[in-house]
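S.K.: Here is a sequence together with a model predicted from it:
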Amino acid sequence: MPTLASRAQVILSICPPHAAQDVAREVARHAIQDLQLYIDANAVAPGTIDRIAELFGEDRVVDAALVGPPAWQPGTFLWLSGPRAAEAAELFADTPLDVRVLGDRLGQASMAKVCFALQSKAMPTIWLAMAEAANAYGVLAPVRDVLAEDGIDLDAQLASIERRARPKAWRWAGEMDEAAAALTALDLPEGWSRAAADMYRRLASGTGPSCS
């Protein structure tokens, strides 16, 4: 990293959420004075972006968020915000990414990602908690049956989480921590984000519920 940071004029950071600030600090230690843009595309809270901007200066940081499947598949969005977001967007022209500038305020892209993550990552953990609680009291079958009457296939929900979440649970836990920090900064309840982070840590450690 020191060699890369000392030569690059544009740096794109994509790493696990919990490492975003450490990576930024390491880059800042070695970056050349004429570093033009530091594009942080990590799933972090707006407050984390603000702290990263303190390292480089707000005029050199672009807040970014990737949403969707791997970038080589259709339907992947790159949200950008900050004073130089439009300039950063030009770097991704003619790529598979659907690039959208959300505004000129740092934190807008990160908050959009937080809101998406609450739906796509926090909400599914409710199925995990429900299944584990029901199973502990021997009532998983009747709970499953009642949900089925409402058109909800609990087994399908759990299988989807198994497929999507278990391999990435270690990373999603950090993303939920960042989501909780974002909500806390707005004086909004953040308990479900903390609970989701805990469920993903349980999955990552192998102590979580079976999704089968």
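M.R.: Thanks, I have the structure now.
S.K.: Any buried residues in the worst-scoring helix or strand of the chain on mean pLDDT, and which?
M.R.: Counting by mean pLDDT, DSSP states H and E, the chain has its least confident helix or strand at helix 2-7, which shows a mean of 75. Neighbour-count burial for helix 2-7 flags A5 (criterion: 16 or more other C-beta atoms under 10 Å). (Each C-beta comes from the backbone N, C-alpha and C, glycine too.)
S.K.: With stretch 124-143 instead?
M.R.: Neighbour counts over stretch 124-143 (16+ other C-beta under 10 Å) mark P124, T125, W127, L128, M130, A131, E132, A134, L140, V143 as buried.
S.K.: Closest one of those to D50?
M.R.: T125 (27.6 Å; C-beta to C-beta).
S.K.: looking at it, that closest one is touching R201, isn't it?
M.R.: No. The pair T125 and R201 does not pass the contact test of C-beta atoms under 8 Å, sitting 10.9 Å apart.
S.K.: helices or strands up against the helix or strand where P142 lies?
M.R.: Using DSSP states H and E, P142 sits within helix 140-149. When contacts are defined as 3 or more C-beta pairs under 8 Å, 6 or more residues apart in numbering; DSSP states H and E, helix 140-149 sits against helix 125-136, helix 154-164.
S.K.: starting at the chain centroid, how far to that helix?
M.R.: 32 Å (C-alpha atoms, centre = their mean, to the nearest Å).
S.K.: likewise stretch 44-53?
M.R.: Worked out by C-alpha atoms, centre = their mean, stretch 44-53 lies 13 Å from the chain centre.
S.K.: Check which residues of that stretch are buried.
M.R.: Applying 16+ other C-beta under 10 Å to stretch 44-53 flags V44, A45, P46, T48, I49, D50, I52, A53 as buried.
S.K.: So what does the second one have for phi and psi?
M.R.: Same thing as A45. Dihedral pair for A45: phi -80, psi 150, per degrees, to the nearest 10.
S.K.: Which neighbouring elements make contact with the helix or strand harbouring V62?
M.R.: Using DSSP H and E, V62 sits in strand 61-67. When contacts are defined as 3+ C-beta pairs under 8 Å, 6+ apart, strand 61-67 sits against strand 37-40, helix 46-56, strand 77-81, helix 85-91, helix 108-117.
S.K.: Save these as JSON lines, and put in distance to V62 too.
M.R.: Compiled in JSON lines, the helices and strands packed on strand 61-67 are given as follows (distance: least, C-beta to C-beta, whole Å):
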{"stretch": "strand 37-40", "distance to V62": "5"}
{"stretch": "helix 46-56", "distance to V62": "9"}
{"stretch": "strand 77-81", "distance to V62": "6"}
{"stretch": "helix 85-91", "distance to V62": "4"}
{"stretch": "helix 108-117", "distance to V62": "8"}
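S.K.: Lovely, talk soon.
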